[in-house]
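Q: Just need the structure, nothing else, for what follows:
(one chain, ligands or ions: 1)
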Amino acid sequence: MNDLGECLQMVPIFSDLPIEVIDQIVQTGNKKTYTKDSVILVEEEIGTALFVIIKGKVKVSRSSNDGREVILSILTDSDFFGEMSILDGLNRSATVVALEDSELFIIQRKEFLDLLNKHPEITIALLSELTRRLRNADMKIKALSLKDAEGKVATVILQLADDIGKIKQGVVEIEKLPLQQDLANMAGTSRETISRTLHAFARKGLVEMDGSKLRILDYEKFSETFA
Ligand code: CMP
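A: All right, here's what the predicted structure looks like:
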């Protein structure tokens, strides 16, 4: 198995497959590099492929007619995107942009659907990931409709901890926090509110900030407080 095969084996939807099948998947797709800020998918265009992130980071967002953006998710190594259009045949549900130089593995629709038909374990793992995304979306709907500014910002921090954070002895570290404007677009609030709230969290000893790093000092307590 080559390097690409090893990377694909880390992707949760492929991790239960035997090496021969991983080798077949390597043959069915192709690798492509997208530089920082390049647009990978555009909301409403026709979807013809599934993308797996070998290395990098992308943001999934939707925009209003007046140009405002809401960020739905940030995805990183071993995540995938583009499955929704492949599965329901409708247009792309969101725009996906590279937040850093990103190496992607692209599988065309027909090949991906063939894989799902031949390997039900991929379908089950795919359902599990889609369920996790629905839970995150539910959490966000609750935050946007019921919570105050602190609750909205905390929900975004918890989502990032889940997506890109690393846990060590109860402390979760998010190594590269998105820009404050991006955090605002995730929380449905303003950049000023993000800045004010993060400083309030730091003063209360809930988080520690160090450049673009953010640590949630007691993850369990933080998630219980803002659940
Ligand atoms: P698709 O609609 O084909 O193209 C845009 C992709 O963004 C979509 O498939 C999903 O892979 C991804 N996406 C859309 N909404 C979300 C979300 N709420 N969380 C994570 N990923 C999403």
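
Q: switch to C-alpha atoms for all contacts and neighbour counts from now on
A: Fine.

Q: how does the protein divide up, domain by domain?
A: 3-137, 147-225 (automatic domain parsing).

Q: Can you report phi and psi for the spatially most central residue of the chain?
A: With distances taken as C-alpha atoms, centre = their mean, Leu75 lies nearest the centre of the chain, 2.6 Å away. Dihedral angles of Leu75 (phi, psi; degrees, to the nearest 10) stand at phi -120, psi 150.

Q: list the buried ones in the lengthiest helix in the chain?
A: Longest helix in the chain by number of residues (criterion: DSSP state H): helix 120-146. By neighbour count on 16 or more other C-alpha atoms under 10 Å, the buried set for helix 120-146 is 121-123, 125-126, 129, 136, 139-140, 143-144.

Q: going on from that helix, what's the next piece of helix or strand?
A: helix 149-164 (DSSP states H and E).

Q: What's the first helix or strand after that following helix?
A: With DSSP H and E, the next secondary element past helix 149-164 is strand 166-168.

Q: What average pLDDT does that next one get?
A: Mean pLDDT, strand 166-168: 90.

Q: which other residues reach it?
A: In this structure, residues lying in contact with strand 166-168 by C-alpha atoms under 8 Å, 6 or more residues apart in numbering are 172-174.

Q: now with 10 Å?
A: 161, 172-175, 215-216, 219 (C-alpha atoms under 10 Å, 6 or more residues apart in numbering).

Q: Same check on stretch 216-223?
A: The contact list for stretch 216-223 (C-alpha under 10 Å, 6+ apart) reads 154-155, 157-158, 161, 165, 167, 169-174, 201-202, 205-209, 225, 227.
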